[in-house]
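Asks: what's the 3D shape of this:
(chains A, B, C, D and E)
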Amino acid sequence: MRHTLTLFLTLAAFWMLNSGHTSVLMLSLGTISVVFVLYIAHRIDVVDHESQPIHLSYKLPGYFLWLLKELLLANIAVVKSIWLGKNFISPAFTTIKATQKTDIGKVIYANSITITPGTVTVDLVGDRLTVHALFQENLDILKAGEMDRRVSRLEN
Amino acid sequence: MTLDINTIVEILSGFCLLIGSFLCISGGVGILRFPDFYTRMHAVGVTDTLAAGMILVGLMLQNPDALVVIKLLMILVMTLFINPTASHALAKAAFHNGLMPVLDDTEILNSKERNKTTDNDLEPK
Amino acid sequence: MLIAATLAVLVAMILAIIRGIVGPTLYDRILAVNMFGTKTVLLLSLLGFVMGRPEFLDIAIVYALINFISVVGVLRYSGTFELKQPSAESKEE
Amino acid sequence: MIGLLIDITLLTLLVGVAIAIARMKDLFAVAMLAGIYGLLTASFFVAMDAVDVAFTEAAVGAGISTLLMFVVITMTGRSEDPVRHKPLLALLVVTITGSLLIFGTLDMPYFGAPDAPIHTHVAPRYINDSMQEVGVINLVTAVLASYRAFDTFGEVVVVFTAGIGVLALLSVARRREDDAVIELVNDSMHEQHLILRIVTKMLIPFILLFALYVQFHGDFGPGGGFQAGVIFASAIFLYALLFGLSTARRVINQSIIRLVAAVGILLYGCVGVVSMLNGGSFLDYNVLSSDPIAGQHLGILLIEWGVGCTVASVMVIIFFNFAGRQEDNQKAQNEEDIDANRAL
Amino acid sequence: MLIGLYNYWVVVVLMMIGFYIVIAHGNLVKKIVGLTIFQTSVFIFYISIAKVEGGTAPILHAGIEVYSNPLPHVLILTAIVVGISTTALGLALTVRIKEAYGSIEESEIQSQDNQIQDAHTQGALSQSTESRESP
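Replies: You can find the predicted model right below:
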């Protein structure tokens, strides 16, 4: 029920932000559409704690700021290697452990790795992530586990 | 000479767009220059995240219209949300189908032949 | 500056197309298409501003969504989606 | 100037991609390039101010068409036979035709000329008077749904007919699959594609809502029934791709989809008939309400809704039939393989 | 002069590439891709014609006087959706041909057809000789 409500609210916000029309006709069409989409979403069974991670929401902004900083640093490194040529990269490949308990936590972690240039999550099986990195150093940083800890902290 | 807020925003926007353009081209060069599929994927990651972000932020600063800013923001969020997922899916598919990454330097030198062999592997029967 | 950014995006598009044509593997091509899609989204956003009517950003949103769907579709039907048993553990380590 | 530069670059790229398509033997690569080709065309349409068209092409050219191509290639084989049928003769024919056509273009008015014949007949009326006559700020919607509604009706019928055609050619009687089996397959898939699945789950409601938004905002900006239908259908494709066709078939009832396709057209036709009953001509919305403008709005809303329903459901029907066929073929293939192995 | 007609020339070139694919390639799927290219060239032609120098998208907005011509946009918008439906129909036929002939190469289909035809004519001949002999 909680998830339905949040989905309803986000959908309504999505509609209003997109539309920007406040006439009665548009608002009522919007309400009908949102309810209809809610019905379909329930029918195809995509409303649950995984698609509506409300329990994480208030911690996410802080994490995103941190991720943004990481992103900037990683970009500089990759761009440098692009222009300097292939002798300056040292592709590496390894498996690391994710300490998150829930699926959604693992997904956030895996996507954070992928979104940072220089590292890509190649596989996610159980709690093991296979990561391909452009530089050996990237992997060392990942193994140090700062990102892992931060995502785990989101969970509880 | 006084700097009013509009000029500052204008300059900021120009700066963001400039960085974005540079990153865009870098990514494009990277996808051509890097030796194998997985490393190319990192190059694409650059353009997908920071370049897109910079250009979209630069555009947001260009226009004071709220609706336009919100839509740009929405595009930004979607790019940041969707692209890593797509990249991951792609990398996973490639990995599970036996496309092995080129790892150390000696292998990079041989990457030409490697690429050829992978192509042959994928050659239709 | 807008014009410079548009040109930069166009250049990146050309480079992506070259990768798409050269290949060599199917995955490289999919990667190129994916990147091309992102570039298209940026180009469309920029075009609106260049031509002075930035209110048509809906199209760019659709592109972002469709791009995702086509990548998933392509993976699904290139016979690479039903994964064999994960061999990650046997590799490395 | 910059507009012209973008225009020329995009067109040149289009030619490059088209030539690459012509030369490639691997059909998968051809389909990928066809996707790029669709994206390029759509960008070109935006540069040419045709935002509504770009909207449709985005979803169709880059999304659905590539997807269908892929499904078909998995069934028909990936590589093309290297033998060509008299390429020199073909080249000759093509060159002659092309040069004749280029000779023909010499008489065309220059690109963008404001006094070209096409801009002097009906277009001024659409641009200047449609606000008083129809009251919709998106002129494309006004022309599509009001001035040329009869034409659009025909197009929708064609789409519907094509859907029926695909149904007739490809539909197979399906045995009901066991729920438990579907459940099992789903669970294993969930393990394997965790990230994709969770992101898709988050995304689908928004794609659906976005499609409806496009449907109802066709009056104010680019959008309308055709675009909305295609986007809505692609959300369902995404679901079917990730959660399996049998799951999608179970939650999205096939007979209801077929019904909706027909109802869409009927709705369109009925609006026409009602306007006739009210004393107007077929699809003349002015008589639908006491105030002509209100009548126009009502009429456009209804027929766009009809178009949206039909297009969405026909696209879903087409995709489900192709994908179902593919799945059956795959199954048969697998069984054959197993038999062959056993024989060895 | 060169710039003024460039769009139309590109359209002709694209159309001819599509045409070439259709007549010179034997693979049916490739032929359909060729048809798509051909089709798209027509779309580009219409949209190019609709452009007015200095105009913007045909969505009314205060303070804008010049709009591109909306009529070709309407025609092409519907044509795109109809185009995908007909392409789907073509692809469906291809799938059926593959199932019936085991191939989608034109030459192979032709030769199989010829064999069947030959078998038929021979069968008919032998039948007629039989019928002549039997009384």
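
Asks: Low-confidence stretches in the chain?
Replies: Picked chain A for this. A:50-51, A:54-57, A:86-87, A:156 (pLDDT under 70).

Asks: could you do chain C instead?
Replies: C:79-93.

Asks: tell me what the longest helix anywhere in it is packed against?
Replies: Identified as the longest helix of chain C according to DSSP state H is helix C:26-50. If contacts are counted by 3 or more Cβ pairs under 8 Å, 6 or more residues apart in numbering or on different chains; DSSP states H and E, helix C:26-50 sits against helix B:5-33, helix B:37-46, helix B:52-62, helix B:66-96, helix C:2-22, helix C:58-77, helix D:2-23, helix D:27-47. For the C-beta atoms, the positions are set from N, CA and C on the backbone; glycine is no exception.

Asks: buried ones in stretch D:145-162?
Replies: D:145-149, D:152-153, D:155-156, D:158-162 (16 or more other Cβ atoms under 10 Å in any protein chain shown).

Asks: Tell me how many other residues crowd E:E106.
Replies: 16 (other Cβ atoms under 10 Å in any protein chain shown).

Asks: Test my guess that it contacts E:L28.
Replies: Yes. Using Cβ atoms under 8 Å, E:E106 makes contact with E:L28 at a distance of 7.0 Å.

Asks: How about the backbone phi and psi for D:T74?
Replies: Dihedral angles phi and psi of D:T74 (degrees, to the nearest 10) take the values phi -60, psi -30.

Asks: what pLDDT does it get?
Replies: Note for D:T74: predicted pLDDT of 86.

Asks: quick one, what contacts the closest residue to it other than its chain neighbours?
Replies: Spatially, and ignoring its direct neighbours in sequence, D:T74 is nearest to C:Y77 (5.1 Å; Cβ to Cβ, 6 or more residues apart in numbering or on different chains). Neighbouring residues of C:Y77 by Cβ atoms under 8 Å, 6 or more residues apart in numbering or on different chains: D:L67, D:F70, D:V71, D:I73, D:T74, D:Q326.

Asks: The spatially most central residue of chain B and B:C24: what is the separation?
Replies: Central residue of chain B (Cα atoms, centre = their mean): B:T47, 2.1 Å from the mean position. Per Cβ to Cβ, to the nearest Å, B:T47 is found 6 Å from B:C24.

Asks: Now the common contact residues for these two.
Replies: The contact sets of B:T47 and B:C24 overlap at C:A12, C:K39 (Cβ under 8 Å, 6+ apart).

Asks: a helix runs through D:L302, doesn't it?
Replies: Yes. Per DSSP: H, G, I helix; E, B strand; the rest coil, D:L302 lies within a helix segment.

Asks: mind checking how far it is from D:V274?
Replies: Taking Cβ to Cβ, one finds D:L302 at 9 Å from D:V274.

Asks: E:V81 now?
Replies: Distance of E:V81 to D:V274, given as Cβ to Cβ: 25 Å.

Asks: Comparing those two, which shows the higher neighbour count?
Replies: Shown here are E:V81 and D:V274; by other Cβ under 10 Å, E:V81 has more neighbours (29 against 16).

Asks: For that one, give me its contacts.
Replies: D:T56, D:V60, D:E155, D:V159, D:F226, D:G229, D:V230, D:V311.

Asks: Go again with 7 Å.
Replies: Contacts for E:V81 were tallied using Cβ atoms under 7 Å, 6 or more residues apart in numbering or on different chains; they are D:T56, D:V60, D:V159, D:F226, D:V230, D:V311.

Asks: For chain A, just list every one of the helices.
Replies: For chain A, the helices defined by DSSP H cover A:2-19, A:24-43, A:60-84, A:103-115, A:136-144, A:146-155.

Asks: repeat for the stretch 201-344 of chain D
Replies: D:225-243, D:245-251, D:254-277, D:292-343 (DSSP state H, counting those that start in this stretch).

Asks: Which neighbouring elements make contact with the last one?
Replies: Right, helix D:292-343. The contact analysis (3 or more Cβ pairs under 7 Å, 6 or more residues apart in numbering or on different chains; DSSP states H and E) places helix D:292-343 against helix D:65-76, helix D:149-170, helix D:225-243, helix D:245-251, helix D:254-277, helix E:70-101.

Asks: Please identify the buried residues of the fifth one?
Replies: By 16+ other Cβ under 10 Å, the buried positions in helix D:254-277 come out as D:254, D:257-258, D:260-261, D:263-265, D:267-269, D:271-272, D:274-275.

Asks: Tell me if that helix is near chain E.
Replies: No. With Cβ under 7 Å from any Cβ of the partner chain as the criterion, chain E is not reached by helix D:254-277; the gap is at least 11.6 Å.

Asks: which residues sit against that helix?
Replies: D:153, D:156-157, D:160, D:163, D:282-285, D:287-288, D:299, D:302-303, D:305-307, D:309-310, D:313-314, D:316-317.

Asks: just how off-centre is that helix within its chain?
Replies: Put simply, helix D:254-277 sits 20 Å off its chain's centre (Cα atoms, centre = their mean, to the nearest Å).

Asks: Can you report how many residues lie near residue 21?
Replies: Chain wasn't specified; assuming chain A. Around A:H21 there are 16 residues (other Cβ under 10 Å).

Asks: other chain: chain D
Replies: 25.

Asks: Look up the closest residue to it, ignoring the ones flanking it.
Replies: Closest to D:I21 by Cβ to Cβ, 6+ apart is D:L33, at 5.0 Å.

Asks: ok, that neighbour - contacts?
Replies: D:L33 neighbours (Cβ under 7 Å, 6+ apart): C:G20, D:V17, D:A20, D:I21, D:M24.

Asks: Buried residues, the host helix or strand of D:Y126. List them.
Replies: Taking DSSP states H and E as the criterion, D:Y126 maps to helix D:123-133. Residues of helix D:123-133 classed as buried: D:A123, D:Y126, D:I127, D:S130, D:E133 (neighbour count, 16+ other Cβ under 10 Å).

Asks: Spatially nearest residue to the spatially most central residue of chain A, not counting backbone neighbours?
Replies: For chain A, A:I108 is the residue whose C-alpha lies nearest the centre (Cα atoms, centre = their mean; 4.4 Å). Of all residues not flanking A:I108 in the chain, A:V151 sits nearest, at 5.4 Å (Cβ to Cβ, 6+ apart).

Asks: For that neighbour, give me its contacts.
Replies: A:Q100, A:G105, A:I108, A:Y109, A:S112.

Asks: burial of the residue lying closest to the residue nearest to the centre of chain B once chain neighbours are set aside, as a residue count?
Replies: Leaving aside its chain neighbours, B:T47 sits nearest to B:G27 (2.9 Å; criterion: Cβ to Cβ, 6+ apart). B:G27 sits with 33 neighbouring residues when counted by other Cβ under 10 Å.

Asks: these two touch, right, B:G27 and B:T49?
Replies: No. Checked against Cβ atoms under 7 Å, the pair B:G27 and B:T49 is beyond contact range at 9.8 Å.

Asks: With chain B as the reference, measure out to the closest residue to E:I32 other than its chain neighbours.
Replies: Nearest residue to E:I32, sequence neighbours excluded (Cβ to Cβ, 6+ apart): E:G90, at 5.1 Å. As defined by Cβ to the nearest Cβ, to the nearest Å, E:G90 lies at a distance of 22 Å from chain B.
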